[in-house]
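S.K.: sharing a model that was predicted from the sequence below.
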Amino acid sequence: MPARPPAQTGRPRIELIADEDHPGGVMLVMDAVRQSYVDLDDPTYLDFEYIQFFASVLEIWRPGPLATTHVGGGALTMPRYLAVTRPGSTQVVLEPDTELTDLVRQQLPLPRNHRIRIRSQDGRSGVAALAAGSADLVILDAYDDGRVPAELTTAEFIADVARVLRPDGLLLANLVDEPGMRYIRRVLAGLRTRFADIVLVASNDVLKGRRFGNVVLAATDQAFDVDALRREVVRQPFPAGVRGLPELLGSLPAGRPFTDADAAESPEPNREGWRIR
């Protein structure tokens, strides 16, 4: 299927742009930030670094179909990927932006035999409506004007995600932070209140504090095979690193969990010098 031409939405904050260098590739740009990339010919092609980190964690976690809840839809990159790589997976996508959803449905058709349901709900209320123990996997990848909404990283929301997950379930979160990782410290503190093990994956320049950028956190009550994850991540075409929980606790000063009383969005991005990747 050829890539679609850029879509005209009547609202400049949403654009679909065909990738002239990669047939089938389409970029979703929202709020002047590259938000999603999909390959209409091959849903297993993952362009963004953080999406490849998601795939690396899933590769070492467990095989088979997954009951998955996505907090944030975008162009549905991960739902497409899971529909193909984990056939039989049931997927619920919580995406409150109905204009975005309509555009993606019209311009970027989903794979055959998918089991993806899109609900026009925000992440907080959408997760609250889910049954306990209904998901193997929750993926948090939600942005509003380039920032992670404050209500999606509080201890209360994390507790609700833990309620929705099965005992061996997994939370994957795409977040961003500045050098020093003050925001990530507080999210990590919240995750530690509910999950036994946590790993962090990011590009080396983000880990070394050289730039603002994406950080993937994965949390579960099962122990991660950190060495296996490192072997997966090193296969990526860019320098990246993995930090297990002992390393995180040793390298990042202790933080205080965000709560509903003092919630905060992720740091404001430098739109000239940062793109989600």
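M.R.: Everything's here; your move. Source: prediction; values computed, not measured.
S.K.: where are the low-confidence patches of the stretch 101-250 of the chain?
M.R.: By pLDDT under 70, the stretch 101-250 of the chain contains no weakly predicted segment.
S.K.: what about the strands in it?
M.R.: 116-119, 135-140, 165-177, 197-203, 213-220, 240-243 (DSSP state E, counting those that start in this stretch).
S.K.: can you list those strands in a markdown table and add mean neighbour count?
M.R.: Backbone N, C-alpha and C define where each C-beta goes, glycine included. Output for the strands of the stretch 101-250 of the chain, formatted as a markdown table (neighbours: other C-beta atoms under 10 Å):
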| stretch | mean neighbour count |
| --- | --- |
| strand 116-119 | 16 |
| strand 135-140 | 24 |
| strand 165-177 | 21 |
| strand 197-203 | 23 |
| strand 213-220 | 24 |
| strand 240-243 | 21 |
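S.K.: can you redo those strands as TSV with distance to Pro96?
M.R.: Converted to TSV, those look like this (distance: least, C-beta to C-beta, whole Å):
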stretch	distance to Pro96
strand 116-119	9
strand 135-140	14
strand 165-177	17
strand 197-203	27
strand 213-220	22
strand 240-243	31
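S.K.: do I have it right that Ala173 meets Asn214?
M.R.: No. Ala173 sits out of contact with Asn214 when judged by C-beta atoms under 8 Å, with a separation of 10.5 Å.
S.K.: and His70, helix, strand or coil?
M.R.: strand (DSSP: H, G, I helix; E, B strand; the rest coil).
S.K.: do you know the pLDDT at it?
M.R.: We have a pLDDT of 98 for His70.
S.K.: for it, give the beta-bridge partners.
M.R.: Val93, Ile139 (DSSP bridges).
S.K.: so who does Leu46 touch?
M.R.: Tyr37, Gln52, Ala55, Thr77, Tyr81 (C-beta atoms under 8 Å, 6 or more residues apart in numbering).
S.K.: hang on, it in a helix?
M.R.: No. Leu46: not assigned to a helix; according to three-state DSSP it is coil.
S.K.: so for it, what's the pLDDT?
M.R.: With respect to pLDDT, Leu46 scores 96.
S.K.: same question for the one 5 residues further on.
M.R.: You'll see Ile51 listed with a pLDDT of 97.
S.K.: thought it was touching Met78?
M.R.: Yes. Under the criterion of C-beta under 8 Å, Ile51 makes contact with Met78 at 6.7 Å.
S.K.: more neighbours: which of these two?
M.R.: Neighbour totals were compared for Ile51 and Met78, and Met78 leads with 27 against 22 (other C-beta atoms under 10 Å).
S.K.: in which helix or strand does the more buried one reside?
M.R.: helix 77-85 (DSSP states H and E).
S.K.: quick one, that helix and strand 165-177 angle?
M.R.: Interaxial angle, helix 77-85 versus strand 165-177 (axes from the mean of the first three to the mean of the last three C-alpha atoms, to 10 degrees): 130 degrees.
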